[in-house]
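In: The following block contains a protein sequence and its predicted model.
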Amino acid sequence: AQSVTQLGSHVSVSEGALVLLRCNYSSSVPPYLFWYVQYPNQGLQLLLKYTSAATLVKGINGFEAEFKKSETSFHLTKPSAHMSDAAEYFCAVSDRRGGSEKLVFGKGTKLTVNP
Amino acid sequence: GAGVSQSPSNKVTEKGKDVELRCDPISGHTALYWYRQRLGQGLEFLIYFQGNSAPDKSGLPSDRFSAERTGESVSTLTIQRTQQEDSAVYLCASRPAVSTYEQYFGPGTRLTVT
């Protein structure tokens, strides 16, 4: 079965510092992977996705993620944090069995950016 | 263009009452999903619609939960005899038929059962 583990429920960085949010997945088939961001009292917004093309994926707002099959990882990075990046981030894998393509989410990582 | 909309944005109900939550997907999106987000948790899948049919209901937690979709558009999630553990944010998402695989999420309905 598909599953996602996000290491660190809370991550705190200084403005301008590197952001690294960790995601490891388990999938019985080649995975499709996603990072979503959720701002307070809002729905989820797609940051980026991996669907078996380039392993380094660039997304919105300067974020990128690298798919590493050998490590079953899809970590999210941003070279320089902005105050506006403070939000909750969710990694998800698409469950491609049965045709629903439902998303299986990690528990989320709350990012705090300190001035 | 218009995104996924959900109503109401907030709902407070008494334990034992029935509630209906509505989702309006992006026009032309044939796939529709409901998820639940409990405090401090990730999102849990509830049900998937393709058109007006629900081939995957595996996430519905009990028979108090049901959903329907009409006109390959609006969907309603109904919770009967609400319990306090039903308190959560209920999120709806839609996806086009020609899939780029990502789902587009609405803002959610925050349900509080007192």
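Out: Okay, I see it. Predicted model, so just to flag it, every value in this text is computed and none were measured.

In: OK, contacts around residue B:6?
Out: B:21, B:22, B:23, B:24, B:90, B:91, B:92, B:106, B:107, B:108, B:109 (Cβ atoms under 8 Å, 6 or more residues apart in numbering or on different chains). Every residue, glycine included, has its C-beta placed from N, CA and C.

In: so who does the residue located most distally from the centre of chain A touch?
Out: When each C-alpha in chain A is compared with the mean C-alpha position (Cα atoms, centre = their mean), residue A:98 comes out farthest, at 23.9 Å. Applying Cβ under 8 Å, 6+ apart, we find residue A:98 in contact with B:55, B:56.

In: let's see 10 Å
Out: Shown in contact with residue A:98 (Cβ atoms under 10 Å, 6 or more residues apart in numbering or on different chains): B:48, B:55, B:56, B:58.

In: Give me the buried entries from the contacts of residue B:6.
Out: Applying 16 or more other Cβ atoms under 10 Å in any protein chain shown to those, the neighbour count classes B:21, B:23, B:24, B:90, B:91, B:92, B:106, B:107, B:108, B:109 as buried.

In: if you skip the residues just before and after it, what's nearest to the fourth one?
Out: This points to residue B:90. Distances taken as Cβ to Cβ, 6 or more residues apart in numbering or on different chains place residue B:109 nearest to residue B:90, at 4.9 Å, with adjacent residues excluded.

In: Relative to chain A, how far out is that neighbour?
Out: According to Cβ to the nearest Cβ, to the nearest Å, residue B:109 stands 10 Å off from chain A.

In: which parts of chain A sit against chain B?
Out: For chain A, the contact set with chain B under Cβ under 10 Å from any Cβ of the partner chain comprises A:4, A:6, A:9, A:32-34, A:36, A:38, A:41-46, A:48-51, A:88, A:90-92, A:94-108, A:110.

In: Now with 7 Å, please.
Out: Proximity of chain A to chain B, by Cβ under 7 Å from any Cβ of the partner chain, involves residues A:32, A:34, A:42-44, A:46, A:49, A:51, A:90, A:94, A:98, A:100-103, A:105-108.

In: before we move on, the earlier item: mind putting the contacts of residue B:6 into JSON lines with secondary structure and pLDDT?
Out: Below are the contacts of residue B:6 laid out as JSON lines (DSSP: H, G, I helix; E, B strand; the rest coil; pLDDT from 0 to 100):
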{"residue": "B:21", "secondary structure": "strand", "pLDDT": "98"}
{"residue": "B:22", "secondary structure": "strand", "pLDDT": "98"}
{"residue": "B:23", "secondary structure": "strand", "pLDDT": "98"}
{"residue": "B:24", "secondary structure": "strand", "pLDDT": "97"}
{"residue": "B:90", "secondary structure": "strand", "pLDDT": "97"}
{"residue": "B:91", "secondary structure": "strand", "pLDDT": "96"}
{"residue": "B:92", "secondary structure": "strand", "pLDDT": "97"}
{"residue": "B:106", "secondary structure": "coil", "pLDDT": "95"}
{"residue": "B:107", "secondary structure": "coil", "pLDDT": "94"}
{"residue": "B:108", "secondary structure": "coil", "pLDDT": "95"}
{"residue": "B:109", "secondary structure": "strand", "pLDDT": "97"}
